[in-house]
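1. Build me a model:
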Amino acid sequence: MSTQTYKKQDAYASTSGLPDKMAIFQECLQQFNASPVNAKKCRQLLAKLLRLIYYGESFPSQESTTLFFSISKLFQHKDSSLRQLVYLTIKELSSTSDDILMVTSSIMRDIQGGDIIYKPNAIRTLSKVLDSTTVNAAERLFKNAIVDKNPVISSAALISSYNLLPNAKDVVKRFTNETLESIQSHKQFPSNQFQLHEFYGSSTSKLPTTSYMYQYHALGLLYHLRNHDKMALMKLITTLSEGSALKNSLSIIQLIRYINKILLDDESLIIHLYPILAGFLKHKSDMVELEASKTLVSLQHLIKDDQFMSIITTLQKLLGVPRTATRFAAIRLINKISTKHPEKIIVVTAELEELINDANRSISTLAITTLLKTMGAGTIDSGSVGGESVDRLISKMTSLMDEITEDFKIVIIEAIENLALKFPAKHKKLVSFLTDLLRDDGTLPLKTSIVDALFDLIKFLPDAGAKQLILMNLCEFIEDCEFTELSVRILHLLGEEGPHTSNPSYYIRHIYNRLVLENSIVRSSAVISLAKFAAICGGEISKNIQILLSRCLNDIDDEVRDRAALSLKFIGGNHKNLIVNESKYDLSALENKLTHYLNDESNFINKFDISEIPIISNEELKSIEYNRKINRLDSSTTDSADITETIDKSKDNDKSIGDSVSNDLLKQQEYAQELSTIPEFSNYGKLSKSTITPIYLTEKENEFVVTVVKHFFIESKKLVLQYNITNTLPRSVLQDISVIAQPDNELYEEDFIIPINELKPDQNGIVYVSFSTPTIEDGDILVAFGNTVAYTNKDIIDEDGNVDPRDDGWSDEYQIDDLEVSAGDFVTPLYNSNFTALFDQLDNYETSVVTISGTDTLENAVTKLRNSLNLLPLDGSDYVPSDSTSHILKLLGKDVWGGKVVVSARLAVTGGKVVAKLEAKSETETFSSIITGGAY
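-> Now for the predicted structure:
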């Protein structure tokens, strides 16, 4: 960001002392044209002029040009300080002035034989003055300056070359040899470099002889010139990494980043580039070691475990350095590693525990969250030694909580929640810590974060005892809770969860206390909560609650009276479904439909059809919330640049992830609306499921791009394939476009094809192909389609995109990738807190042993099974320790026929392959065999 832009955005910048622009303008013209020139007065005026420009003031083109001509007359004066300010001002005015080329000769003269003080200023100014037509005249000057022995002059020429790149890239390319020579040469400041400035006085003997900064500038320029040639870039990296060609730490960091960019494009080069990165792990500069570690951590899936330990060793050493920024950067990388591979950082546990008491609270917070992740990895067992470790960590967290700000407390709370959700076996001591923290004093944001964490643990922990413990603590909390919104939320939760506990009366007593002691908002919430107890528990509890609610009919607040009367009416009439809902409407789809309905008054002729809004069961809603929560917590620890940024972004992350889930549901609704408008599909009934993300059947750079979406109509036994086709041919029009889809399963019978009439360049179109499908009772519902695009091609004859009407074109066919209908297409992920109990309940057991193709590690096999079967991993089973040779993956989902499906996959690595024993159970008959047969 330029100084000028920064000042414009700085709301607190003081402009009260700025001089008057026109007064300065007039005085500049007077002094610059005076004879003789007063150097001191001119320097002061130029300084004021520059201050005006840096604070965002601008001069019209005519005034700027007048100033420019007046300033150019100052070249006649030999004062070095004046000449430096002249160049600074010319550089700023060059963008708004006309006829700026007139000073080119003066600038070139200073570059060729000027004083060493202002020669770099002259070079930088020349790059701003030249344009594409005149840059050739200065080519020799720039080349000579690049190879100059003075590093300041060399850096100025290299930076100026950056400025010339947009307008004269061909000329700058001819600087390549000089730039490479500059990197590999040793430049030194002249002996009188610092003596020229009175600031340094006589203490110039201790100043450096060179900065090597020219290497950083030269390397950046070379990358811009060679970044489109991978082989040339590889040669440059290999040359500069050998020996000690690069002395500047910033240039080495830049080289590491270029290596990272190459590896992101071509991972196969890791064999050649890893030794270079590993060498930088033992560099004398902390910055270089951190950058090398950061790059290797981002590429950890490409390196072996023994190679990875060298990164840990380097970071372990950096945790003990005195510089705070270095310690923070090191522990941030360790925290990132612990997200996926916490077992790899066991060796730094001692250092992390020491950092809990670090003076910098960002470091201490990261140390705690990292140690919490090592607990989740199973490195701290439930035995005596492990229990002591947990107690010690919680003891340190408790003492730290009194010293840190609430923002850092919230980060720690989120880490605890993440651990307890991913590894439910570790929840007991963590729940106790959160409930103790809830009793302490705190602001609304802190209390809200604790309550949110406890709410999620109640929803997603399988241990009923833990749920009751949390609910009891929440009951005690609302006894003296000063925040109305929290009391309302807790009362709502008690109404949802309390009736299903072993002792509902305990919670009813606490809720009734709110009816007596609280304000009207809390009292009205307590009424609804009690009504839920009556509706679910029934019997004697229902009678007692009706007595309690009847007392509320005389409440002074009308909202409380109305809710009590309505609740008594529903309870007396046994209308349980009006008090407790087993399902909810998809709110995103409801909002979308209502917006569409209200935006067009012609829709008001017919009443709003609520039956078109999809209904989500409580189980499906819990699955969405669980996925959203895990993803948000992961993103808040993995992608954040620092702790404070995590705090600022946590709400945005939650919103974006929530939007992602909502967008999936909305997309399904949009597909249903689009298909309902096509007459051929009018009798297909309700759309059961669609694949949300289109599948590419061609490369994105093909002559035409084809993606496909699968739509399943289970009730009418139909499958509709939606082929989205884009014509990327610039001079061709495609007509009569259809897709020939050939199934390898005879039970799939083609009904019809809806083709595209015409596609002009860059246009999109849709081909629909409908099939009649087998039923689940047939047992064989999986299929693969061979796809061929058939079309007529016609050439464009003019700029308007028209074709010759006499041209019949030529027919052609193009084979695209096959399309599979897999078992995962019939499933949506589902959450349940008790996988074992659900697995024991279900029937229709099937088992098979398969080799997971294309994988050689357990982690990759888990990811592939999860994606191909489209099931939700439970009990933290998607986490695989890197040193494991076997693993159990627990998956759950719901099929399109409404039945649950559970899969227990026992994975083992043998002979370089991953073998899985799949055990599947389903409520829908024969679907378990489809699941086991569809895994590969």
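2. List the contacts of G538.
-> G538 makes contact with no residue, according to CB atoms under 8 Å, 6 or more residues apart in numbering. Placement of C-beta: from N, CA and C, glycine included.
3. And for R551?
-> L515 are the contacts of R551 under CB under 8 Å, 6+ apart.
4. can you tell me the helix or strand for it?
-> In this structure, R551 is located in helix 539-551 according to DSSP states H and E.
5. Kindly export that helix (C-alpha atoms) in PDB.
-> Provided in PDB are the C-alpha atoms of helix 539-551 (Å, rounded to 0.1, in the frame of the first residue of the first chain):
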ATOM      1  CA  GLY A 539     -48.900 -39.100  33.900                       C
ATOM      2  CA  GLU A 540     -48.500 -37.600  37.300                       C
ATOM      3  CA  ILE A 541     -45.800 -35.200  36.100                       C
ATOM      4  CA  SER A 542     -48.300 -33.700  33.600                       C
ATOM      5  CA  LYS A 543     -51.000 -33.200  36.200                       C
ATOM      6  CA  ASN A 544     -48.500 -31.400  38.500                       C
ATOM      7  CA  ILE A 545     -47.300 -29.200  35.700                       C
ATOM      8  CA  GLN A 546     -50.800 -28.200  34.800                       C
ATOM      9  CA  ILE A 547     -51.300 -27.000  38.400                       C
ATOM     10  CA  LEU A 548     -48.200 -25.000  38.100                       C
ATOM     11  CA  LEU A 549     -49.200 -23.500  34.800                       C
ATOM     12  CA  SER A 550     -52.700 -22.600  36.000                       C
ATOM     13  CA  ARG A 551     -51.000 -20.300  38.600                       C
END
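6. So what's the gap between the next helix-or-strand element following it and the chain middle?
-> Once the chain leaves helix 539-551, the next helix or strand it forms, by DSSP H and E, is helix 558-572. Centroid separation for helix 558-572 versus its chain: 47 Å, with CA atoms, centre = their mean, to the nearest Å.
7. could you say what helices and strands helix 558-572 packs with?
-> helix 520-537, helix 539-551 (3 or more CB pairs under 8 Å, 6 or more residues apart in numbering; DSSP states H and E).
8. Which residues does it contact?
-> Taking CB under 8 Å, 6+ apart as the rule, helix 558-572 contacts 520, 523-524, 527-528, 530-531, 534-535, 542, 545-546, 549-550, 552-555, 575-576, 578-579.
9. again, only using 6 Å
-> 520, 523-524, 527, 531, 534, 546, 549, 552-553, 555, 578-579 (CB atoms under 6 Å, 6 or more residues apart in numbering).
10. Now do the buried residues in that helix.
-> 560-561, 563-564, 566-568, 570-571 (16 or more other CB atoms under 10 Å).
11. a markdown table please, covering these and showing distance to G854.
-> Shown next, in a markdown table, are these (distance: CB to CB, whole Å):
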| residue | distance to G854 |
| --- | --- |
| V560 | 63 |
| R561 | 66 |
| R563 | 59 |
| A564 | 62 |
| L566 | 59 |
| S567 | 58 |
| L568 | 63 |
| F570 | 57 |
| I571 | 58 |
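12. Just give me the closest of these to H711.
-> H711 lies nearest to F570 out of these, by CB to CB, at 40.1 Å.
13. do you know how far that closest one is from I579?
-> From F570 across to I579, the span is 5 Å (CB to CB, to the nearest Å).
14. ranking the helices and strands packed on helix 558-572 by burial, who's on top?
-> Ranked by mean neighbour count, the helices and strands packed on helix 558-572 are led by helix 520-537 with a mean of 23 (mean count of other CB atoms under 10 Å).
15. quick one: low-confidence parts of the stretch 101-250 of the chain?
-> Scanning the stretch 101-250 of the chain for pLDDT under 70 picks out the ranges 191-208.
16. so L457 is in which element?
-> Going by DSSP H and E, L457 is part of helix 444-460.
17. who does that helix touch, helix- and strand-wise?
-> helix 406-422, helix 427-439, helix 464-479 (3 or more CB pairs under 6 Å, 6 or more residues apart in numbering; DSSP states H and E).
18. cutoff 7 Å now
-> The helices and strands touching helix 444-460, judged by 3 or more CB pairs under 7 Å, 6 or more residues apart in numbering; DSSP states H and E, are helix 406-422, helix 427-439, helix 464-479, helix 484-497, helix 618-638.
19. just these: most buried one?
-> Greatest burial across these, using mean count of other CB under 10 Å, falls to helix 406-422, with a mean of 22.
20. Helices along the stretch 601-750 of the chain, start to end?
-> Under the criterion DSSP state H, counting those that start in this stretch, the stretch 601-750 of the chain contains helices at 618-638, 643-676.
21. Quick check, pLDDT for the closest residue to S770 other than its chain neighbours.
-> Spatial nearest neighbour of S770, chain neighbours left out: D751 (4.1 Å); criterion: CB to CB, 6 or more residues apart in numbering. Per-residue pLDDT puts D751 at 92.
22. Send me whichever strand or helix holds D751 as PDB with only the CA atoms.
-> Using DSSP H and E, D751 sits in strand 749-754. What follows is strand 749-754, C-alpha atoms only, in PDB (Å, rounded to 0.1, in the frame of the first residue of the first chain):
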ATOM      1  CA  GLU A 749     -33.700 -48.600 -19.400                       C
ATOM      2  CA  GLU A 750     -33.500 -45.300 -21.300                       C
ATOM      3  CA  ASP A 751     -36.800 -43.400 -21.500                       C
ATOM      4  CA  PHE A 752     -35.900 -40.400 -23.600                       C
ATOM      5  CA  ILE A 753     -33.300 -37.700 -24.300                       C
ATOM      6  CA  ILE A 754     -34.000 -33.900 -24.200                       C
END
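23. tell me which strands and helices it is in contact with?
-> By 3+ CB pairs under 7 Å, 6+ apart, strand 749-754 packs against strand 764-772.
24. Note down every partner strand of the strand it packs on and its orientation.
-> Strand pairing for strand 764-772, using DSSP bridges, gives strand 718-727 (antiparallel), strand 749-754 (antiparallel).
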